[in-house]
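*Asks:* output the structure for:
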Amino acid sequence: MKKIIINISLIIIFTIIYLLQVCFFTNFTIAGVMPNILIILMLYIGLYMGRSMGIIYGIIFGIFVDIWIGKSMGLTSICLAVVGIVGGIFDKNFSKDSRITVILMGIICTILYEILLYILQYIFLEINLEIVSFIKILSIEVVYNTLLVIILYPLMKLTGYEIENEIKGDKILTRYF
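*Replies:* Numbering: from 1, shown residues only. Below you'll find the predicted structure:
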């Protein structure tokens with residue numbers, strides 16, 4: 001029963017994040033760049049729910065974003081699934097107790113997501129390569145997402161371990177020994 005509540009909560013959180021991103025953060029842009037909170041959500045899901053759930057939620061959430069935005073089908077879902085996979089890899093190899101570690105994970109996931117999306121758009125949508133403007137946009141988004149991870153970290157840690165205990169069970173300590 002708790003797993004169903006967790007999954008419904010994540011879908012509601014995704015909807016709220018998407019609406020925040022579309023309605024609220026469009027007013028707080030720097031040089032036309034706004035934060036991408038979906039990357040932080042997928043990192044959270046990968047870290048606390050595992051690689052497989054990161055892939056599933058990344059594909060589902062990416063499809064919804066692609067439908068709502070309407071640019072292309074599948075590119076966002078591939079990139080969000082990769083972020084979920086990376087979050088699952090970080091879960092196995094790094095501690096989530098350190099704020100600095102989670103901030104670095106957020107930076108890595110933001111860079112990975114944007115570079116992968118840019119490459120896929122170049123291949124499938126034949127966009128022009130503008131490396132200087134891409135680096136400028138990427139650096140602003142990394143700063144934005146880093147600030148959001150710093151702000152959201154206590155909430156991520158508090159709810160994350162509860163979700164991890166429910167989803168993964170009591171096998172958490174066995175992976176360290």
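*Asks:* okay, CA-based contacts and neighbour counts for the rest of this
*Replies:* Fine.
*Asks:* may I ask which helix or strand encompasses the residue positioned nearest the centre of the chain?
*Replies:* By C-alpha atoms, centre = their mean, the mean C-alpha position of the chain lies nearest to residue 39, the distance being 2.1 Å. Assigned by DSSP states H and E, residue 39 belongs to helix 37-49.
*Asks:* just checking, what packs against that helix?
*Replies:* With contacts defined as 3 or more C-alpha pairs under 8 Å, 6 or more residues apart in numbering; DSSP states H and E, the packing partners of helix 37-49 are helix 2-19, helix 51-69, helix 75-93, helix 99-124, helix 131-168.
*Asks:* how near is the residue nearest to residue 65 when sequence neighbours are not counted to residue 31?
*Replies:* Distances taken as C-alpha to C-alpha, 6 or more residues apart in numbering place residue 76 nearest to residue 65, at 7.2 Å, with adjacent residues excluded. Note on residue 76: its distance to residue 31, by C-alpha to C-alpha, to the nearest Å, is 22 Å.
*Asks:* looking at the two, which one has more neighbours?
*Replies:* residue 76 (26 against 9; other C-alpha atoms under 10 Å).
*Asks:* contact partners for the more buried one?
*Replies:* Applying C-alpha atoms under 8 Å, 6 or more residues apart in numbering to residue 76 gives the contacts 62, 63, 65, 66, 117.
*Asks:* rerun at 10 Å
*Replies:* Contacts for residue 76 (C-alpha atoms under 10 Å, 6 or more residues apart in numbering) come out as 58-66, 82, 113-114, 116-117, 120-121.
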